[in-house]
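K.L.:
build the 3D model from these lines:
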Amino acid sequence: MKIDLSDLDFDYYQPPLLVGGKAMEFFELRPAGDDIDFVVAEPDYQCLAEKYPGQTVEVYGDLGVNVQAFELWKSILLFTYEDLSIGAYELEGIKVISLEKLLFLKTLAIRELKYERDVHLIVEKIHRNQYG
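P.N.:
Just a heads-up that it's a prediction; the model follows:
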């Protein structure tokens, strides 16, 4: 999987952590939507927020920067890069959240039907991985 972040013209302190639909696609669970969600390290978020001041957002205390098709978050459900990058897969220029951490995030958001479906897809994948 190759995601081109070059249009953002930004050098990251830590490789951005891919989460959300593109991570679901990485694990071959379902196609992603139009946006690409990342969690970034604290210093990266601060620099991005300064570089794109009119494109910052807040959702329930989570701070992000929306640039083009990218949503770059300081946290998701107040879980930070450091919390979510444990066990991540390293690709060229990015990391992909582990399947277990992805399950964790989707389960916390399960009250929405979309995320409930994602939880079932992830659980089925884990069962296939464990039991063949």
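K.L.:
isn't Ala23 right next to Lys95, touching?
P.N.:
No: counting by CB atoms under 8 Å, Ala23 does not reach Lys95; the two are 10.0 Å apart. For glycine as for every other residue, the C-beta is placed from the backbone atoms N, C-alpha and C.
K.L.:
those two: which is more packed in?
P.N.:
Neighbours around Ala23 and Lys95, counted as other CB atoms under 10 Å, are more numerous at Ala23. The numbers are 28 against 21.
K.L.:
where is the longest helix in this structure?
P.N.:
Looking across the chain with DSSP state H, the single longest helix is helix 113-131.
K.L.:
what's opposite the residue nearest the centre of the chain in the beta bridge?
P.N.:
Centroid-nearest residue in the chain: Val19, 2.0 Å away (criterion: CA atoms, centre = their mean). Counting by DSSP bridges, Val19 forms beta bridges with Asp37.
K.L.:
now stretch 80-99: buried residues?
P.N.:
By 16 or more other CB atoms under 10 Å, the buried positions in stretch 80-99 come out as Thr80, Tyr81, Leu84, Ser85, Ala88, Tyr89, Ile94, Lys95, Val96, Ile97, Ser98, Leu99.
K.L.:
with that, I have no additional questions.
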